[in-house]
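# Any chance you can model this:
(chains A, B and C)
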Amino acid sequence: MFLDVKGLKINYRTVYGNLEAVKSLDLSVEKGETVAVVGESGCGKSTLGHSLVRLLPPNAKYEGKVILDGKDVFALKGKALRMYRGGEVFMIFQDPLNSLNPVKRVDDQMLEAVGMREQIAGREFDREDALKDIIDGLNGVRMPDPEVILRRYPHQLSGGQIQRIVIAMALVMKPKLLIADEPTSALDVTIQAQVIKLIKDLKKEYGMSVIFITHDMAVAYTIADRFLVMYAGQLSELGPVNDVVSKPLHPYSVALVNSIPNKSRKEGKLVAIPGSPPNMLAPPTGCRFHPRCPQVMDICRTEDPLEKEVGGRLLRCHLFD
Amino acid sequence: MASRFLFFVVRRGVNALVTIIIMIALIFMIIHLVAPSPTDMARLYVGSHFNLQQLVQIAHRLGFDQPLYVQFYNYVVGFFQGNFGTDTIYGIPEILVIQEYFPVTIDMVLIGTFLGVGLGIFTGAIAASNRNTAPDYGIKALYLGTWAAPPFLVGVVLQLILAYDLGLLPTTGVADPILLHPAVVTGLPLVDSILAQNWVYLYSYIQHLILPALTIGLISFGSITRLTRATMVDALDKDYVKLAYMKGLPRRKVIWGTAFRNAIIPIITLLAITFAFSVGGAVVVEDVFAYHGIGFFAVTAAYDLDYPAILAITIIVGASVIVANFIADILYGVMDPRVRLT
Amino acid sequence: MSDGAQKWLERFRLFRGRHKSSSGAVTEAEAPLGESSGLNFIMGYVRRDKIALAGTIGIAIFVMWSVIQGILEQLSGYLNDTTLAYILLPSNPFAFNFKLVLAPPSLANFPVGLMGYDATGRSILSRILYAAPKDALAAILVVTSAIVIGMLLGITAGYIGGWADEVLMRVTDAFLAFPLILLAIALALVLGNGYQVVLVALVVIWWPTYARFFRAQALSLKNRGYVEASRLSGLSSFRIIIRHIFPNSIDPIVAIATLDFGNVVLTYSVLAFLGIGAEVGSPEWGSMSASGLQYVPHVWWFALFPSIAIMAVVVCFSLLGDRIQDLVGGRISY
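Numbering: from 1, shown residues only, chains lettered A, B, ... in the order given. Reported below is the predicted structural model:
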């Protein structure tokens, strides 16, 4: 197993009390596989992504184990952590307008990345070679005129351009695992499609694993091999994309799938999920989804369901006991 | 691109000029509200020990019987020519009095502001990068103490400890009174004594300068700390900082090279305000340390009801703040590519 | 960044802590719960935060004492009964006692001698307590008048825009360039010395920052979709201001004003220290410190305790204001 998350628990200490952002989550990702983490905002999917690269704010407390390629991620410290971040994982963030340092030119920012890569690999840094690498990377993301772009400041670039530069940075760093935290949600639809196609191509070309975090089921569907549906910090359903979309089992997955805009669907209207995401400071007792669940049973109100395997999927629902 | 930046500089320059003229107009209005008639004006300027006949003559000589707009025009022109009228107490042109006192304050305030800003951005950045831990709370306690304390308390405590108790520094004054002043070249005693190679005076001057400048630094550093902490916290939350971590950069480099570089840009715009605040603080500090600068002179003038002096000081200091602000604007443009290139 | 005036606003507010966050970045963990703005939200937070709570309690004590003592002082004036003003104080703050001239703090005759005696043997504690209402009144009057004036001018300028806006911005620039203390000295000199004059001077100093604030608010809200929609639906400008601009200004104004109460107390004391606005014989924290300084270092209590009173009040307002500012600026996640 390439990435193995076991019993991941993340708590935030807040003035309002303890916030359980992720609760005993298990996930494993194969080499070259793309897992889409989907769920409404506030369900802990972004926290999950940030925890894998250890970039949570200082009030977060980790529990559980994350093993990436044999490394215990939560045990990494100092130089080892830097080598892990610079060498094995890379993360793309949501807001392209904030993704690049506004006071530095693009080339300096990319050279910084290459410099770290070389340092971690123990090689001598050569500016010319590095620039060649960077331009290759920019060509790889089909950026026209890379030499011109490199001399620009971030505010002179569009959101789509910046997102491509960040992906090019990922290309240059050649990580084994790419985490993309809603990389397309701030972009126009046409640019969204380009960026998604890019990530797909790169994955194929370099064989990296991708964790794609999104609230958009349609986007997730086009890119992922497997779905991890999260609700209120917990796994609801984990399974192959086609299975989940064609026959969702968990009532929450059903609701999410029904919310995908789909021409072929007869009713021709979107189905919104009734109710709103729970207050994470005081989550509902029992199954956290029960107040919004159309198939709620008595047991759901008192007992938190356990994870079980049903036909190659992981589920957390009393309906399948 | 260069021409855009030039345009930016020119526009800011024009703004500064207009602001100075409005400021003069405000002061002009205040004077004429207090002294509506020409003779009142004359009395304001020369004191009350003249009879009405003489006052009318003086008013005529000083042009107070002319229409208001002519007077205003003369007032503005006078300002830019360095003509602020004659001091009622000393009987010499106001500009000479100010030339005597202002440079001393400039030396002190600039050094104090420099100390305060340096200390402030450093502690602020440390506090932000250790948010909600012991260093953050420690720095908060430190700056709250000096921020909330009245400036005179800070001055007196320093004076008590460093001058009276430990005897390290002189308690009051600008320099040892038995020493001769160096020849005036730039007006700033610090620079002049270096130019004149008058090391004895320089040593004494610096010794006397430390306590007031330190007080100015301490009373202004809290604001800088607070702001740096805030901008730094904002910067540290930005995705580009996370991206810097993702590149594998060490924490030290991420904090000081990436976040700090962005966080200090708003601080630059604050330099002028800090300077203004420090000049205000200088009034109190100079009172505590009997430091004969412009603040000390302002307080004396207030007691003596020396209107021309007070008004001249207010305008000059205000104008110097506007100039400082203009410089900060330009510096901001140089530091921030978003301003420079758009 | 196109507007220089806008930046002046930013930086003045930034100074002495009147800043708001530039980033609205709210991570999942910070996602607001229930109400995310308004007084209830702020108070709900303050109750849970020890530091802010400590500040609030301090402020409450200061304000309550000032109100009670202030009413008593006013009543004693109307009823011509001087004892009424001292009824709650440990001793008569004006009573000379030449046996106790510059006597050090002691527990004898508790609590009258707790903070020692001044140069004419008056209890320093009594005098500090007697002077509190003046500072509280100054803070409240100055800040509220500055808000009202700033609001009227700022919203007008921001809403009308163009020429009126440009003029207002240059005028506030000019006001902001004057160092506070110097301008106050000049005004007090011109208008004549006294408590009311100092209040006027402080308002003159304080309104421009609020005018800037409300102008920026009006500008940024003017072109928002929902405001435009209300305008198209025939809502009058006045109504739009009431309905949209006010509610959106409450949070930041609470933060700014809280800090400013402290700032006004501090500036007022500094002016009194310099002898501006202090009426002869009437105790005032700043002027007490000033008189006490003559006897430093041998007699430290005379200057120190009034200064500490000033500091305590300002610290309380800062503790609370700091936290509210962080909260409103989205800088608190835990």
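
# Residue B:130: neighbour count?
By other C-beta atoms under 10 Å in any protein chain shown, 16 other residues sit near residue B:130. The way it works is simple: take the backbone N, C-alpha and C, and place the C-beta from them, glycine included.

# Also residue C:110?
Neighbour count of residue C:110, defined by other C-beta under 10 Å: 9.

# where does the residue in chain B positioned nearest to chain A fall, helix, sheet strand or coil?
Chain A sits closest to residue B:248 of chain B, with a gap of 2.0 Å, by C-beta to the nearest C-beta. Residue B:248 falls in the coil class when you classify it by DSSP: H, G, I helix; E, B strand; the rest coil.

# Likewise for residue C:106?
Quick answer, by three-state DSSP: residue C:106 is coil.

# Report the contact partners of it.
The neighbours of residue C:106, taking C-beta atoms under 8 Å, 6 or more residues apart in numbering or on different chains as the test, are C:113-114, C:116.

# circling back: which pLDDT value does the model give the residue of chain B closest to chain A?
Residue B:248 carries a pLDDT score of 88 in this model.

# contacting residues for it?
Per C-beta under 8 Å, 6+ apart, neighbours of residue B:248: A:82-83, A:85-87, A:116-117, A:119-120.

# switch to 10 Å and redo it
A:79, A:81-88, A:90, A:112-113, A:115-117, A:119-120, A:173 (C-beta atoms under 10 Å, 6 or more residues apart in numbering or on different chains).

# mind listing which of those are in strands?
Judged by DSSP state E, the contacts of residue B:248 include residue A:90 as members of strands.

# which of the contacts of residue B:248 are buried?
Buried by 16 or more other C-beta atoms under 10 Å in any protein chain shown: A:81-88, A:90, A:112-113, A:115-117, A:119-120, A:173, out of the contacts of residue B:248.

# Please produce JSON lines containing the contacts of residue C:106, extended by neighbour count and secondary structure.
Conversion of those to JSON lines gives the following (neighbours: other C-beta atoms under 10 Å in any protein chain shown; DSSP: H, G, I helix; E, B strand; the rest coil):
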{"residue": "C:113", "neighbour count": "20", "secondary structure": "coil"}
{"residue": "C:114", "neighbour count": "18", "secondary structure": "coil"}
{"residue": "C:116", "neighbour count": "21", "secondary structure": "coil"}
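
# Make a markdown table from these and add pLDDT to it.
Formatted as a markdown table, those follow (pLDDT from 0 to 100):
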| residue | pLDDT |
| --- | --- |
| C:113 | 85 |
| C:114 | 88 |
| C:116 | 89 |
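
# Can I get those residues in TSV including distance to residue A:100?
Formatted as TSV, these follow (distance: C-beta to C-beta, whole Å):
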residue	distance to residue A:100
C:113	66
C:114	61
C:116	61
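
# ok, of these, which one's closest to chain B?
Looking across the contacts of residue C:106 and measuring by C-beta to the nearest C-beta, the closest to chain B is residue C:116, at 16.3 Å.

# buried stuff in stretch C:90-102?
For stretch C:90-102, by 16+ other C-beta under 10 Å, it's C:90-94, C:100, C:102.

# I'd like to know how far residue B:124 sits from residue C:238.
42 Å (C-beta to C-beta, to the nearest Å).

# okay, those two: which has more neighbours?
Set residue B:124 next to residue C:238 and count neighbours by other C-beta under 10 Å: residue B:124 wins out with 29 against 8.

# Now the more buried one: closest residue in space that isn't a chain neighbour?
Nearest-residue entry for residue B:124: residue B:228, 2.6 Å, with adjacent residues in sequence omitted and distances by C-beta to C-beta, 6 or more residues apart in numbering or on different chains.

# give the contact list for that neighbour.
Counted by C-beta under 10 Å, 6+ apart, residue B:228 has contacts B:117, B:120-128, B:221, B:235, B:260, B:263-264, B:266-267, B:270.

# Quick check: residues of the stretch 51-200 of chain C near chain B?
Proximity of the stretch 51-200 of chain C to chain B is confined to C:51, C:166-167, C:169-193 under the rule C-beta under 10 Å from any C-beta of the partner chain.

# So what's the residue count around residue 198?
Using chain A. 19.

# try chain C instead
Neighbours around residue C:198, by other C-beta under 10 Å: 24.

# who touches residue C:181 in this structure?
Going by C-beta under 10 Å, 6+ apart, residue C:181 touches B:151, B:277, B:279-284, B:295, B:298-299, C:201, C:205, C:267, C:270-271, C:273-274, C:276.
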